[in-house]
Each structure stands twice: as C-alpha cells, then as structure tokens.
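> coords please:
(one chain, ligands or ions: 1)
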Amino acid sequence: MTSLVLTKVNQILEQIHPLLATPILVVVIVGVASWIYTRMVRGSYNLSLLNKIPGPRPLPLLGNAIDVAVPHQDFLKTLTRLVLNSGPAMKFFLAHRPYVVLSKAPGFETIMSSNKHITKGPDYKFVHPWLGFGLLTSDGSKWHSRRKMLTPAFHFKILEDFLIIMNEQSSILTNKMAKLQPGQNTIDMFPQITFCALDIICESAMGRNINAQGNSNSPYVQSLFKASDIIFHRATSPWIWNDILFHLHPFGWQFRSALKVLHDFTDNVIKDRKALFKAEKQKAQSSTTKDLEDDLMGKKKRLAFLDLLIEVSDDGKILTDRDIREEVDTFMFEGHDTTAANMSFTLYLLAIHPEIQKKVQQELDDLFIDDPDRPASMDDLAKMKYLEACIKESLRLYPSVPLMSRTIHEDTTIEGQLVPAETNIILYTYLLHRDPEQFPNPEEFDPERFSSTKSHQRHAYAYVPFSAGPRNCIGQKFAMMEEKVVVSSLLRKFNLSSNVIPSKMELLPELILRPKDGIQMTVTKRS
Ligand code: HEM
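Have a look, this model is predicted:
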C-alpha cells in the first residue's frame with residue numbers, strides 16, 4: 001500500500017516538473033507530509049485510544065480512504081466486509097478524521113439512548129444551506145426547544161386530518177396504474193411512488209398541492225431532486241467539501257439556483273398562510289388564550305404543519321420566518337424520499353412473495369368488504385396488522401436511512417472499547433438489521449418476525465429504522481399512516497409481480513437507500 005502511495009506521488013510530481021520526481025525528493029515530501037498529518041491527528045484526536053480499537057490499517061495522509069473508495073453500488077458490501085473482519089466497533093480514518101462504525105444492538109443503545117450524544121456527524125453540514133439548523137440538523141438547546149415545540153404537531157389527533165390528503169393522492173396513483181395497458185404494465189415503481197409521497201408531504205407540510213404526480217417537471221420538484229442529488233455527490237467528493245471550492249464548482253452554482261427555487265417557494269407559502277392565519281385570528285379572538293395543543297385539536301381542520309409553526313411563532317417573537325422555513329424544508333426533505341423508498345421496497349418484496357401478498361390482500365378484502373373503493377379510515381389502518389408487519393420487515397431489510405452519524409464530545413465506552421471524544425460514530429443500521437443472533441436467516445423476508453411475541457424476544461435496539469431515543473424520527477407515525485394508505489390502495493386493486501432478484505439488485509446508500517436501476521414491477525388488475 002505504501003508503495004502505491006509513493007508511486008502516485010511520483011506521478012503527480014512528474015506532472016508538475018520532471019526534476020521534482022527524483023526518489024529522494026519523493027521520500028522527503030512523503031515523510032514531511034506524514035509528519036504533518038500525524039501532528040494534526042495527535043493535535044486533535046486521542047490516537048493512543050483510537051489505536052486500540054480494531055479496524056483496517058490506515059495509510060499516511062489518506063487514512064483508509066482507499067479501503068472505502070469503491071463504486072457506490074459496492075459501498076455497503078465493502079463496509080460490511082470490513083466490519084465483519086473487525087467486530088461490532090470498527091475504527092477507520094478518512095484522511096485524519098476518525099470514525100467508529102457500530103453494527104450491533106448494545107453499541108446502538110449506548111449512543112441512541114443517551115441525552116449527551118445528540119450532535120450529528122460532520123456530513124450533515126452539506127444540508128445546512130438548504131435546511132439551516134432545523135430539527136434534523138440542530139443540537140443543544142435549540143434542538144431541545146424545537147423538538148418540544150413540534151411534538152404536538154405529530155399528535156395522533158392532528159395526524160388524522162392528513163388522512164384525506166393521503167387517500168386523495170393514493171387514488172390518483174391507483175387511477176394512473178389502472179390506465180396501464182397490458183404489455184405496457186411493467187414499470188419502474190420507484191418514481192411513481194416518489195411523486196405520490198411528494199404530493200402527500202407537500203400538502204401536509206405546507207397546505208399546497210404541487211401535483212408532482214401530474215407534472216413531475218415543475219421547477220419545485222426538479223429543484224428538490226437536484227438539491228438532494230448534489231448534496232449526495234458533494235458528501236462523497238472530498239475535493240468539493242470546502243465551501244469555496246464547492247461554490248466555484250459547477251455543482252455549486254447548480255445547487256444555489258435549485259436552493260433559490262426551493263426557498264422562494266417556501267417563503268411564498270409562509271407569507272400566504274400567515275396572511276390567512278392573521279385574518280382567521282381576527283375572526284376568532286377567543287382562541288388566543290387556550291392551550292396550544294387543545295387549540296389545535298379543537299379546530300375543525302388543520303391542513304398543514306406550517307399552521308402550527310405560524311401559531312407558535314408569535315409573529316416572529318419566538319420563530320422568525322427563516323426559522324419556520326427551516327422546519328418546513330426539513331419536513332419536505334425528511335418526509336418524502338424515506339417513505340417513498342420504504343413503500344417501493346415493500347411493494348417489491350410483496351411482488352416477489354406472492355403467497356405473502358395474497359395474505360395482505362385477504363386482510364384488506366375482509367376490511368373493505370362493504371365497499372372496496374372507499375377511502376381508508378383511521379380504524380381501518382389500525383386493523384392492518386399483517387400489512388404493518390410487512391412494512392416493518394421491509395424496513396428491516398431495506399432501511400430507508402441505512403447509515404447515521406453522530407459526533408461524541410466525551411470519551412465513551414462503547415462495545416467494551418474506550419472511544420475518545422470528537423470521534424465520529426457511524427450507526428450502521430443496514431448491518432444491525434442483519435444480525436443473525438437477532439434475526440435468524442436475516443436475508444429472508446419474513447413478516448412473522450414482527451408478530452407481538454417475536455418482537456419481544458429481541459434486544460430493544462436490534463431494530464431501529466426510525467432511530468431511537470431522544471433523536472428518533474418525529475414523523476414515524478405519519479410515515480406508517482401514509483404507507484398503509486398508499487400500499488393498501490394499490491393492493492386492493494392490483495396484483496404485483498417482479499422478475500428482479502434481490503441478490504442481483506444493486507443498492508446505493510445515497511441520502512436514502514435506493515435501488516440503482518429502480519424496481520421494475522408488473523401491475524395487473526385484480527379480477
Ligand atoms: C419510512 C419513513 C421514515 C424513516 C425510515 C425515517 C427515519 C428517520 C431516521 C433514521 C431519523 C434519525 C436521523 C438521524 O439521526 O440522523 C429521522 C429523523 C427525523 N425524521 Fe424521519 N423517517 C421517516 C419519515 C419521516 C417523515 C414522514 C417525516 C416528517 C413528516 C420525518 C421527519 C423527521 C425529522 C424532522 C427528523 C429529525 C428528528 C430530530 O432529530 O429530532 N421523517 N427519521
């Protein structure tokens with residue numbers, strides 16, 4: 001490996017000036033660079049503790065960059081191999097920056113259950129220009145107060161109001177599917193489901209219908225995809241991590257123009273809804289002294305999360321328009337891809353397991369025996385137990401968020417290793433969910449794992465697709481509701497099949513887990 005580095009340095013120097021490429025100069029330059037690198041590491045990280053944690057041997061300057069610099073579709077396999085060679089806490093370096101990858105339940109518990117380890121890892125900085133420091137990205141007292149402020153918005157009673165939107169958008173999706181002619185009914189379901197999820201979250205978060213299902217070319221939808229795409233590429237391209245270099249790069253200006261569209265859109269919606277809110281408030285002065293949560297629940301209709309934010313903002317005294325935008329943008333960012341990926345993988349798993357698909361359809365047929373075309377009610381959703389188990393099992397095999405990261409600020413014992421302060425922790429959920437001690441035959445799709453008796457036999461942190469502890473997903477109930485509505489609407493009307501073989505499907509751990517080539521499925525009307 002060292003000889004590989006020397007050869008590379010030699011080539012670079014030769015390009016700069018042939019005289020520079022003498023062996024002595026190369027050795028001197030590599031030596032000085034290694035010394036500076038080691039000083040940097042010593043200066044900021046506790047190397048003596050880090051060296052005790054198992055992991056692949058790092059190279060000077062590069063750390064383990066060469067070990068993990070593989071094509072995106074090979075990343076999960078490569079990381080899994082490295083982790084399995086090292087153990088449940090594996091250390092590696094990217095340049096001078098140390099990471100510890102956790103892949104078993106006890107390690108996850110140490111981090112997730114703690115109120116101290118709530119700082120997100122350095123890679124979240126790439127979403128700051130879009131989301132600012134909203135609920136997903138903030139920490140400390142700002143995060144605490146925002147979390148407290150937003151929790152009532154996800155109360156069961158408030159979520160009920162979003163059911164109408166979910167049913168309406170599902171029905172647009174099923175109508176689109178019904179128009180597919182035989183011979184043309186094998187399609188990539190991933191984008192179809194994504195547009196539906198986007199329409200649902202946009203109307204729920206902002207009270208605006210962007211009609212992505214009808215027109216996916218709208219500037220807002222295109223900018224959202226563009227911004228997400230560039231964030232992912234930046235996170236995996238160290239040469240544009242630096243802000244100045246990024247702004248000079250073509251990605252930089254494309255990102256800025258996408259953000260302008262996204263921010264302008266949210267700003268305008270906030271302005272409109274604030275005006276509406278003011279007018280409504282003038283009409284109903286009596287509600288101003290009531291407790292916020294009761295107030296919201298008492299009202300006939302709450303169309304958007306944005307309303308709660310405007311209500312608590314106290315006309316800019318508690319939340320400015322910029323603060324409100326951070327949270328609305330965060331819901332848009334966190335709330336469409338995650339559910340879309342999970343719904344797509346669930347449909348796919350049911351498509352390749354026809355006997356399990358039949359059981360789900362039986363459950364739905366029994367529930368909708370009175371009228372197979374009516375919208376789903378909250379009561380129906382509560383009774384979709386088997387479908388829920390399928391969705392959960394799909395999230396186990398294909399967690400929408402396959403990796404998360406935190407930075408710890410104090411020395412912490414994790415999995416028996418003393419991990420020094422300022423180390424970045426990677427929570428490798430994709431592998432955690434494949435632990436054979438917790439999930440025998442882990443690659444097998446078996447919804448029975450989520451029957452109530454079997455769930456109790458597992459470690460409390462063995463299954464955490466929505467994270468767990470204080471920084472868990474605030475939107476998980478919303479997500480489960482949406483997914484049941486959309487998936488059940490499709491399965492009431494259609495049979496699904498697919499020739500895609502799970503072991504051949506290439507997975508990309510982008511901002512969310514995504515199939516590299518989409519998921520082709522055949523959609524046939526049920527007789
Ligand atoms: C299947 C769907 C979803 C999955 C698998 C999922 C998963 C997650 C995970 C793993 C986290 C923790 C991220 C981290 O620590 O870095 C998270 C946080 C979060 N999620 Fe979700 N999510 C889903 C849907 C949603 C929806 C629909 C919304 C909004 C309506 C949402 C809003 C959020 C927010 C705001 C946070 C940050 C919470 C905090 O730090 O206090 N999520 N989600």
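> Using the three-state scheme, assign the residue nearest to residue 202 when sequence neighbours are not counted.
Excluding the flanking residues, the one nearest residue 202 by C-beta to C-beta, 6 or more residues apart in numbering is residue 210, at 4.8 Å. Using the backbone N, CA and C atoms, a C-beta is placed for each residue, glycine as well. With DSSP: H, G, I helix; E, B strand; the rest coil as the basis, residue 210 sits in coil.
> how about residue 210, phi and psi?
phi -90, psi -10 (degrees, to the nearest 10).
> Show me the shaky parts of the stretch 301-450 of the chain.
Counting by pLDDT under 70, the ranges of the stretch 301-450 of the chain that qualify are 301-303.
> The ligand contacts on that one?
330-331, 334-335, 338-339, 342, 400-401, 404 (C-beta under 6 Å from any ligand atom).
> Take those residues and write them to JSON lines, including secondary structure.
Shown next, in JSON lines, are these (three-state DSSP):
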{"residue": "330", "secondary structure": "helix"}
{"residue": "331", "secondary structure": "helix"}
{"residue": "334", "secondary structure": "helix"}
{"residue": "335", "secondary structure": "coil"}
{"residue": "338", "secondary structure": "helix"}
{"residue": "339", "secondary structure": "helix"}
{"residue": "342", "secondary structure": "helix"}
{"residue": "400", "secondary structure": "coil"}
{"residue": "401", "secondary structure": "coil"}
{"residue": "404", "secondary structure": "strand"}
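> buried stuff in the host helix or strand of residue 48?
Using DSSP states H and E, the element containing residue 48 is helix 47-50. Neighbour-count burial for helix 47-50 flags 49-50 (criterion: 16 or more other C-beta atoms under 10 Å).
> Quick check: closest non-adjacent residue to the residue in the stretch 151-300 of the chain that the ligand sits nearest to.
Ranking the residues of the stretch 151-300 of the chain by distance to the ligand (C-beta to the nearest ligand atom) places residue 201 first, at 6.1 Å. Spatial nearest neighbour of residue 201, chain neighbours left out: residue 335 (4.0 Å); criterion: C-beta to C-beta, 6+ apart.
> now swap in residue 324 and tell me
residue 309 (4.6 Å).
> try residue 472
According to C-beta to C-beta, 6+ apart, the nearest residue to residue 472 is residue 466 (5.6 Å).
> so who does residue 207 touch?
269, 273, 303-304, 306-307 (C-beta atoms under 8 Å, 6 or more residues apart in numbering).
> Same check on residue 337?
194, 197, 228, 400, 511-512.
> Output those residues in CSV, with secondary structure and neighbour count appended to each entry.
Formatted as CSV, the contacts of residue 337 follow (DSSP: H, G, I helix; E, B strand; the rest coil; neighbours: other C-beta atoms under 10 Å):
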residue, secondary structure, neighbour count
194, helix, 23
197, helix, 29
228, helix, 19
400, coil, 25
511, coil, 20
512, coil, 21
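> Of all the residues you listed, the one with the weakest confidence?
The lowest pLDDT within the contacts of residue 337 belongs to residue 511, with 85.
> on that earlier part again, the helix holding residue 48 packs against which elements?
If you count contacts as 3 or more C-beta pairs under 8 Å, 6 or more residues apart in numbering; DSSP states H and E, helix 47-50 packs onto strand 417-419.
> what's the helix or strand just after the strand it packs on packed up against?
Sequence order places strand 424-427 as the next helix or strand after strand 417-419, per DSSP H and E. The contact analysis (3+ C-beta pairs under 8 Å, 6+ apart) places strand 424-427 against strand 97-102, helix 105-112, strand 404-407.
> Contacts for the last one next, please.
Outside of strand 404-407, the residues within contact range by C-beta under 8 Å, 6+ apart are 99, 111, 117-124, 422-427, 429, 467.
> Around the ligand, which positions in the stretch 101-250 of the chain sit nearby?
120, 135-136, 147.
> can you put these in TSV and add secondary structure?
As requested, those are exported to TSV (three-state DSSP):
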residue	secondary structure
120	strand
135	coil
136	coil
147	helix
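> Please pick the buried ones from these.
120, 135-136.
> Just put those in JSON lines and tack on pLDDT.
Converted to JSON lines, those look like this (pLDDT from 0 to 100):
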{"residue": "120", "pLDDT": "93"}
{"residue": "135", "pLDDT": "94"}
{"residue": "136", "pLDDT": "93"}
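> quick one: what helix or strand has the residue nearest to residue 67 when sequence neighbours are not counted in it?
Spatial nearest neighbour of residue 67, excluding adjacent residues (C-beta to C-beta, 6+ apart): residue 56 at 5.2 Å. Assigned by DSSP H and E, residue 56 belongs to no helix or strand.
> same deal with residue 455?
Counting by DSSP H and E, residue 455 is part of helix 452-456.
> tell me which residues of that helix are tucked away?
Going by 16+ other C-beta under 10 Å, helix 452-456 has no buried residues at all.
> hang on, the earlier thing: select only the buried ones of the contacts of strand 404-407 in ChimeraX?
Buried subset of the contacts of strand 404-407, written as a ChimeraX selection, criterion 16+ other C-beta under 10 Å:
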select :99,111,117,118,119,120,121,123,124,423,424,425,426,427,429,467
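> Assumed the residue of the stretch 151-300 of the chain closest to the ligand was part of a strand.
No - checked against three-state DSSP, residue 201 lies outside a strand; its state is helix.
> Could you report the separation of it from residue 248?
33 Å (C-beta to C-beta, to the nearest Å).
> out of the two, which sits in the more crowded spot?
When neighbours are counted by other C-beta atoms under 10 Å, residue 201 and residue 248 differ, and residue 201 comes out ahead with 29 against 12.
> Which helix or strand in the protein has the lowest average pLDDT?
In the chain, no helix or strand scores lower on mean pLDDT, DSSP states H and E than helix 2-16, which sits at a mean of 45.
> ok, for whichever residue of the chain sits closest to the ligand, nearest residue in space, not its chain neighbours?
Going by C-beta to the nearest ligand atom, the ligand is nearest to residue 475 of the chain, at 2.2 Å. Counting by C-beta to C-beta, 6+ apart, residue 475 lies nearest to residue 335, which is 5.6 Å off, once chain neighbours are set aside.
> Appreciated, that's everything.
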